[in-house]
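A.B. asks: Could you work out the structure for the sequence below:
(one chain, ligands or ions: 1)
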Amino acid sequence: MGGRVGIERNVRNGEGMEAMPPCLLTIVSGIITPASQGAIMAVGYVYDPIYLKHDTGEHVENAARLQAIISHLEQTGLKSQLTLVKPRPASVEELALVHQKQYISHIQEVAQKGGGWLDADTVMSPDSYEAALYAAGGVIRAAEAVMGGEVASAFALVRPPGHHATSRQAKGFCLFNNIAIAARHALAQYELERILIIDFDVHHGNGTQETFYDNPQVMYISTHQYPFYPGTGSVEETGGGAAEGTNINIPLPAGCGDDEYLKVFEQIIVPAARRFQPQLILVSAGSDNHWADPLALMQVSVTGFGQMARIIKELADELCGGRLVFTLEGGYNLDALAASVKATFDVLLGDTSIDDPLGGSPRSFGATDIDRLIAVVKEIHKLP
Ligand SMILES: [Zn+2]
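C.D. replies: Below you'll find the predicted structure:
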């Protein structure tokens, strides 16, 4: 079953128009809009062919993933509606905001020696170090573009992914923790006090959690299949010291679909975000919880990804002037990945419908009862 599902239109357009002098208003097709609306509402995407040069061979995390996304955006005509945010390589100093310098040198050396396996899951080619610099730099640039007002929001289409990488260890296809580096950079560069990271990749972002576990300035909220790779992500991991309560894990049983994810978003993520009052929202977006994904056992549809994106966008609009950056983590069914990313861009552009070419899951798991889990998480984190 497929089709288009209506979602609520965001009413941010036109806000503050009354206060604007007439010279800033233009009439487009009979509708009065602020002259700068095009710039205000621009949605950015980060991409560069360097990301294809992280050559992983037959590995499930390979260049075809980004190629599928870009060609889908082109075929659907969406790419021309987006603003390219050109990535730059992250500097070693920027990587060192999260990673040990010895580890950074090690990754560089492995590439210089022709590549190789860093652990059972994570492989490098000669160009992987450069691609990884641009992946981290790409998410940094996306954050800069949003903070600087070049674009309203952005999606960094980068690889290698990042959320499993720790300060001293490559893990789970990840070399550098792109989103953690970008968050640390944004905290320093813009003197922010509160950044929210939402991670709905099917795997727990152990590296991101570890980076900010004792840091009250960054709230990390993750939904993930549990127990599952990488093993972290229990409800008891709530943050250390002054950061107690800023690490919220929602470990979901296999089989959860759109209904369960939306329940979690509405009952946990939205109230937690409202309480935290972020100044910027970053998202680790994976589509490996799609029902067609080969690596995990969740049942989310493309429609579900669009609905999650809508909730996150509404949170950003409500709490932090719309400042929102998505970055790509996992997602290994190419059709589901490409359609999920497109659905996210549609939401960011303010489209009220979601294209779901794959439809809902053909398998029926029946409703998964997560009410007890939600109650436990709410109690631990004292959420209303
Ligand atoms: Zn994943």
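
A.B. asks: which residues touch the helix or strand that contains residue 372?
C.D. replies: Following DSSP states H and E, one finds residue 372 within helix 371-380. Contact with helix 371-380 is made by 235-236, 238, 248-253, 263-264, 267-268, 383-384, as judged by Cβ atoms under 8 Å, 6 or more residues apart in numbering. From N, CA and C alone the C-beta is placed, and that goes for glycine too.

A.B. asks: Provide a list of residues in contact with the residue in the stretch 1-150 of the chain that the ion sits nearest to.
C.D. replies: Residue nearest to the ion within the stretch 1-150 of the chain (Cβ to the ion): residue 61, separated by 9.2 Å. If a contact means Cβ under 8 Å, 6+ apart, then residue 61 has 159, 160, 161, 173, 330, 332 as its contacts.

A.B. asks: Report the separation between the third one and residue 332.
C.D. replies: Right, the one you point to is residue 161. Here residue 161 is placed at a distance of 11 Å from residue 332 (Cβ to Cβ, to the nearest Å).

A.B. asks: And those two? Which one has more around it.
C.D. replies: More crowded of residue 161 and residue 332, by other Cβ atoms under 10 Å: residue 161, with 28 against 22.

A.B. asks: Thought residue 330 was touching the more buried one, still the case?
C.D. replies: Yes - using Cβ atoms under 8 Å, residue 161 is in contact with residue 330, at 6.2 Å.

A.B. asks: and the residue of this protein nearest the ion?
C.D. replies: Of all residues in the chain, residue 330 sits closest to the ion, at 2.8 Å by Cβ to the ion.

A.B. asks: where do the helices sit along the stretch 251-384 of the chain?
C.D. replies: Ranges of helices within the stretch 251-384 of the chain are 258-264, 270-276, 302-320, 334-348, 371-380, based on DSSP state H, counting those that start in this stretch.

A.B. asks: I'd say residue 143 and residue 282 touch.
C.D. replies: Yes - at 7.2 Å, residue 143 counts as touching residue 282 under the criterion of Cβ under 8 Å.

A.B. asks: Identify the contacts common to the two.
C.D. replies: Taking Cβ under 8 Å, 6+ apart as the contact rule, residue 143 and residue 282 both touch 182, 183, 325.

A.B. asks: Where does the prediction get shaky in the protein?
C.D. replies: By pLDDT under 70, the low-scoring segments of the chain are 1-40.

A.B. asks: Around the ion, which positions in it sit nearby?
C.D. replies: Within the chain, the residues that sit near the ion (Cβ under 5 Å from the ion) are 201, 203, 286, 288, 330.

A.B. asks: how about stretch 114-123: buried residues?
C.D. replies: 115, 118, 121, 122, 123 (16 or more other Cβ atoms under 10 Å).

A.B. asks: now stretch 261-280
C.D. replies: Under the neighbour-count criterion of 16+ other Cβ under 10 Å, stretch 261-280 has 261, 264-265, 267-270, 272-273, 276, 278-280 buried.

A.B. asks: C-alpha coordinates for that stretch, CSV please?
C.D. replies: C-alpha atoms of stretch 261-280 as CSV (Å, rounded to 0.1, in the frame of the first residue of the first chain):
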residue,chain,number,x,y,z
TYR,A,261,7.8,5.9,16.9
LEU,A,262,5.2,8.6,16.7
LYS,A,263,4.1,7.7,20.3
VAL,A,264,7.7,8.0,21.5
PHE,A,265,8.1,11.3,19.7
GLU,A,266,4.9,12.8,21.1
GLN,A,267,5.2,11.5,24.6
ILE,A,268,8.9,11.7,25.3
ILE,A,269,10.9,13.6,22.7
VAL,A,270,8.6,16.6,22.4
PRO,A,271,8.2,17.3,26.1
ALA,A,272,11.9,16.7,26.8
ALA,A,273,12.9,19.1,24.0
ARG,A,274,10.5,21.7,25.3
ARG,A,275,12.0,21.4,28.8
PHE,A,276,15.5,21.7,27.5
GLN,A,277,14.9,24.7,25.2
PRO,A,278,17.6,24.1,22.6
GLN,A,279,19.1,26.9,20.6
LEU,A,280,19.9,24.4,17.7
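
A.B. asks: Residue 117 is in contact with residue 57, correct?
C.D. replies: No - contact criterion Cβ under 8 Å: residue 57 and residue 117 do not qualify, at 10.8 Å.

A.B. asks: Which neighbours do these two have in common?
C.D. replies: residue 123.

A.B. asks: What segments of the stretch 1-150 of the chain are strands?
C.D. replies: Counting by DSSP state E, counting those that start in this stretch, the segments of the stretch 1-150 of the chain that form strands are 3-6, 25-28, 31-34, 43-46, 83-85, 116-117, 123-124.
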